[in-house]
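Show me how the following folds:
(2 chains)
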2 protein chains.
Amino acid sequence: MSRLEEKTLSTEPIFEGKIIKVQVDEVELPDGKRSKREIVKHPGAVAILPITKDGKIVMVEQYRKPLERTLVEIPAGKLEPGEDPEQTAHRELEEETGYVCEKLTHIISFYTSPGFANEIVHLYLAEGLSKKENAKAADEDEFVELMEMTLEEAEQYIKENKIADAKTVYAIQYLKLKKGNRL
Amino acid sequence: MSRLEEKTLSTEPIFEGKIIKVQVDEVELPDGKRSKREIVKHPGAVAILPITKDGKIVMVEQYRKPLERTLVEIPAGKLEPGEDPEQTAHRELEEETGYVCEKLTHIISFYTSPGFANEIVHLYLAEGLSKKENAKAADEDEFVELMEMTLEEAEQYIKENKIADAKTVYAIQYLKLKKGNRL
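A predicted model of the protein is given here:
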């Protein structure tokens, strides 16, 4: 693999925000030439595919400022420093939906934009849901609307471009495959 | 949908790179309070799922500086200004793999990281592949290794964490569903 490696010659810090850090690395390419890489550092995130006891998917609608529109998505949230992804999944499920789950199963972890960002999303299936009284609230700058829908409704939402993000379209395909495999 | 909208009060430009731009927006939340949003602007990209005449998937291995490792991915590339995504798909397929295709079908478009970036990926299925002599070369700072593999091999690569990015795991699931549907 080292034949493709890019060696870091220097790192220029650009921005350190609440969520992301930005830096420009100067690199030595495999042919000895130099280039620059613009890099966004992200703490990583979890996403949860919560299935209710009657087989519906729990989703949240929220405004996504980078897109200047709302999206319907499966619940998700950033890892806090030192937090285990499973812990984050339980916390975000409760905060965003008011549900707690009996069973959490890791489906897959993937990098969302490996060309410019190191963000990884850990995706979990959450089953055995029940509503919790006095559930923890979401962050004070997070406004979400809860929705529950069937797989068929979710597929319709994709066609209508209301669902349009990588983790959610992956999760819906996963459910479809899972159901198909049961037939 | 406007009940969730976040109004822009001001925009602070942070960085303008070759590929990404970074800005911090101050917003008014639905409850009237204020918050900040860190935003990465990206030109958008295409990804291509190329299937050879004997049913293999064409992939590329490349070094991903943000992750400090290589990934095996389906071919992909950024949209040039004014370029139609289909045009980008044909160009990137040729540049990264040396293949041209007879048939290009849009599968889906999705946002990779809607929480902090506006990047959209347009995913296409490319069929009827043939090798082109004197194919256009990739960008001079791009080094990729070509690979061809079966669906089963691709699934093994996911298990081994060699394939681990959103667009590629989505594309592999899509192929699996597509094959299943044919049975």
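
and the gap between residue A:57 and residue B:55?
Residue A:57 is 32 Å from residue B:55, where distance means CB to CB, to the nearest Å. (Glycine included, C-beta is placed from N, CA and C.)

more neighbours, the two?
Taking other CB atoms under 10 Å in any protein chain shown, residue A:57 and residue B:55 do not tie; residue A:57 has more neighbours (20 against 11).

contacting residues for that one?
A:49, A:50, A:51, A:74, A:148, A:149, A:150, A:151, A:154, A:171, A:172, A:175 (CB atoms under 8 Å, 6 or more residues apart in numbering or on different chains).

Just the buried residues of the residues you listed.
Among these, those classed as buried by 16 or more other CB atoms under 10 Å in any protein chain shown are A:49, A:50, A:51, A:74, A:149, A:151, A:154, A:171, A:172, A:175.

how about low-confidence regions in chain A?
Along chain A, the model assigns pLDDT under 70 to residues A:1, A:181-183.

At which residues are the helices of it located?
Here chain A has its helices, by DSSP state H, at A:85-97, A:151-159, A:166-182.

how close does the closest residue to residue A:171 other than its chain neighbours get to residue A:125?
Nearest residue to residue A:171, sequence neighbours excluded (CB to CB, 6 or more residues apart in numbering or on different chains): residue A:49, at 4.4 Å. To residue A:125, residue A:49 is 5 Å away according to CB to CB.

go on, residue A:113?
Using CB to CB, residue A:113 is found at 24 Å from residue A:125.

Any idea how many residues pack against residue A:139?
11.

same thing with residue A:25?
19.

for stretch A:153-168, which positions count as buried?
For stretch A:153-168, the buried set under the neighbour-count rule, 16+ other CB under 10 Å, comprises A:154, A:155, A:157, A:158, A:162, A:163, A:164, A:165, A:166, A:167, A:168.

circling back: residue B:106: which of the helices of chain A is closest?
helix A:151-159 (12.7 Å; CB to CB).

relative to helix A:166-182, how tilted is the closest one?
On the basis of axes from the mean of the first three to the mean of the last three CA atoms, to 10 degrees, helix A:151-159 is oriented at 140 degrees to helix A:166-182.

How is chain A partitioned into domains?
Chain A breaks down into these domains under automatic domain parsing: A:7-41, A:45-181.

roughly how far is the longest one from the heart of the chain?
Translated: domain A:45-181. 7 Å (CA atoms, centre = their mean, to the nearest Å).

cool, and the shortest one?
Between the mean C-alpha point of domain A:7-41 and the mean C-alpha point of its chain there is a distance of 24 Å (CA atoms, centre = their mean).

So the residue nearest to residue A:171 versus chain B, what's the distance?
According to CB to the nearest CB, to the nearest Å, residue A:49 and chain B sit 13 Å apart.

How about residue A:94?
Separation of residue A:94 from chain B (CB to the nearest CB) stands at 19 Å.

now do residue A:35
For residue A:35 relative to chain B (CB to the nearest CB), the value is 4 Å.

beta partners for that residue?
residue A:27 (DSSP bridges).

The one 5 residues further on too?
Taking DSSP bridges, one finds residue A:22, residue A:117 as the beta-bridge partners of residue A:40.

give me every residue that touches it.
Contact analysis of residue A:40 by CB under 8 Å, 6+ apart lists A:20-22, A:113, A:116-119, B:20, B:22, B:40, B:66, B:116-117.

beta partners of residue A:125?
residue A:49, residue A:105.

Surely it is in contact with residue A:46?
No - counting by CB atoms under 8 Å, residue A:46 is not a contact partner of residue A:125; they are 11.9 Å apart.

Neighbour count: those two, which is higher?
Neighbours were counted for residue A:125 and for residue A:46 using other CB under 10 Å; residue A:46 has more, 29 against 19.

you'd agree the more buried one is up against residue A:77?
Yes - taking contacts as CB under 8 Å, residue A:46 lies within contact range of residue A:77: 6.4 Å.

Which residues are in contact with each of these two?
In contact with both residue A:46 and residue A:77: A:88, A:92, using CB under 8 Å, 6+ apart.

re earlier: filter the buried residues of stretch A:153-168 by proximity to chain B?
Restricting the buried residues of stretch A:153-168 to those near chain B by CB under 8 Å from any CB of the partner chain leaves A:158, A:164, A:165, A:166, A:167.

In space, what's closest to the first one - neighbours in sequence excluded?
Among residues not flanking residue A:158 along the chain, residue A:169 sits closest, at 6.2 Å (CB to CB, 6+ apart).

Can you verify my assumption that residue A:107 contacts residue A:127?
No - if you go by CB under 8 Å, residue A:107 and residue A:127 don't touch, sitting 11.8 Å apart.
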